[in-house]
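# okay, sequence plus prediction incoming.
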Amino acid sequence: MSKFIKDYIGLNGTYQHTILMREIDDIYAPFKYELYLNNDTNIKSNCDFFINNYTKSNIIIDSRMIKTITYISNIIDDILIYNVNNNEIISLTQFVMDKTSSSKILNINDCVNILNLFVFINFFCNKLSNKPSWNCDIALNLLNQLKLTIPNSFSIIYIYNYIISNINQNIKDKKITKLKRINIQNYLKIQDEIHPFQGNIDDIIYSLNEMKNIGINYILL
């Protein structure tokens, strides 16, 4: 399917028929569209719908559906986003640059990795004790340092270094017998009703470190 989709990259926005994907239809959109309503946590359903309709309709995603936008961006980057704050339709790159207020030009791979990290921190880590906060400067600085060059892949080192930089603590200071290994990949895989991690931030750091140690370098969403 991904090879088939590549043949259509750049055609989003050129069709006569338009579909607006959103979680709730509560804000006016100044264009004619067919409405697709679904929860932003129903990732598989949303990704399947996008892929199945992308080659015949314009697909525009409500800017508040950040998790759906993030997962789809790992499949295809020809995404149109309806910015509910100013009623504009923008590209994925513009969406990320607006969110980060970056003065640097970001390429599409940078944007996908930043979105992946943003959802990891703000959604998947949201229920953890001593959870890390989101900091655009840290995210951008680490991205530049690591020089990520593999497209559409989420670096374990990127996540690990961000969390360590953000909360300023080291896993080596913790007693390993008190830590719990969390199956991070199982949480992040494309599925409906994704939900945050259970445990604490030390468990996440320990689990990420274990993944690095056994040679798992990337998480493919």
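Yes, it's here.
# helix or strand for Leu143, just tell me which one.
Taking DSSP states H and E as the criterion, the element that holds Leu143 is helix 136-146.
# what's whichever helix or strand comes after that helix packed up against?
For helix 136-146, the following helix or strand on the C-terminal side (DSSP H and E) is strand 154-155. If you count contacts as 3 or more CB pairs under 8 Å, 6 or more residues apart in numbering; DSSP states H and E, strand 154-155 packs onto helix 108-119, strand 218-219. In this view, the C-beta of every residue, glycine as well, is placed from N, C-alpha and C.
# next, the angle from the first one to helix 136-146.
What that stands for is helix 108-119. For helix 108-119 against helix 136-146, the angle by axes from the mean of the first three to the mean of the last three CA atoms, to 10 degrees is 130 degrees.
# helix 108-119 packs against which elements?
Partner elements for helix 108-119 (3+ CB pairs under 8 Å, 6+ apart): helix 66-73, helix 92-100, helix 136-146, strand 154-155, helix 156-167.
# what residues go with each domain of this protein?
2-97, 101-219 (automatic domain parsing).
# ranking those by mean pLDDT, which is last?
Ranked by mean pLDDT, the domains of the chain end with domain 101-219 at the bottom, a mean of 82.
# adding distance to His195 and mean neighbour count, write the helices and strands packed on strand 154-155 out as CSV.
Listed next are these as CSV, based on distance: least, CB to CB, whole Å; neighbours: other CB atoms under 10 Å:
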stretch, distance to His195, mean neighbour count
helix 108-119, 13, 22
strand 218-219, 17, 18
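# make JSON lines from those and add distance to Arg22 to it.
Supplementary listing: those in JSON lines, determined by distance: least, CB to CB, whole Å:
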{"stretch": "helix 108-119", "distance to Arg22": "18"}
{"stretch": "strand 218-219", "distance to Arg22": "27"}
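# how about the helices and strands packed on helix 108-119, which one is nearest Arg22?
For those, proximity to Arg22 was assessed by CB to CB; helix 66-73 is nearest, at 9.4 Å.
# next secondary structure after the closest one?
Of the helices and strands lying after helix 66-73 in sequence (DSSP H and E), the nearest is strand 80-83.
# you'd agree Thr70 is up against Phe120?
No. Shown here, Thr70 and Phe120 do not form a contact pair, counting by CB atoms under 8 Å, at 9.2 Å.
# any idea how far Phe49 is from Gly199?
Using CB to CB, to the nearest Å, one gets 32 Å for the distance from Gly199 to Phe49.
# what does Phe120 give?
Distance of Phe120 to Phe49, computed by CB to CB: 23 Å.
# give me the number of residues near Ala29?
Counted by other CB atoms under 10 Å, the residues lying close to Ala29 total 17.
# surely it forms part of a strand?
No. Ala29 is assigned coil when assessed by DSSP: H, G, I helix; E, B strand; the rest coil, not a strand.
# need the contact list for it.
By CB atoms under 8 Å, 6 or more residues apart in numbering, Ala29 lies in contact with 20, 82, 87.
# over to Asp98?
Asp98 is in contact with 83, 90, counting by CB under 8 Å, 6+ apart.
# what's the pLDDT at it?
Looking at Asp98, its pLDDT is 88.
# measure it to Lys67 for me?
Look at Asp98 and Lys67: by CB to CB, they are 18 Å apart.
# likewise for Trp134?
Applying CB to CB to Trp134 and Lys67 gives a distance of 14 Å.
# pick out whichever of these two has more residues nearby.
More crowded of Trp134 and Lys67, by other CB under 10 Å: Lys67, with 22 against 15.
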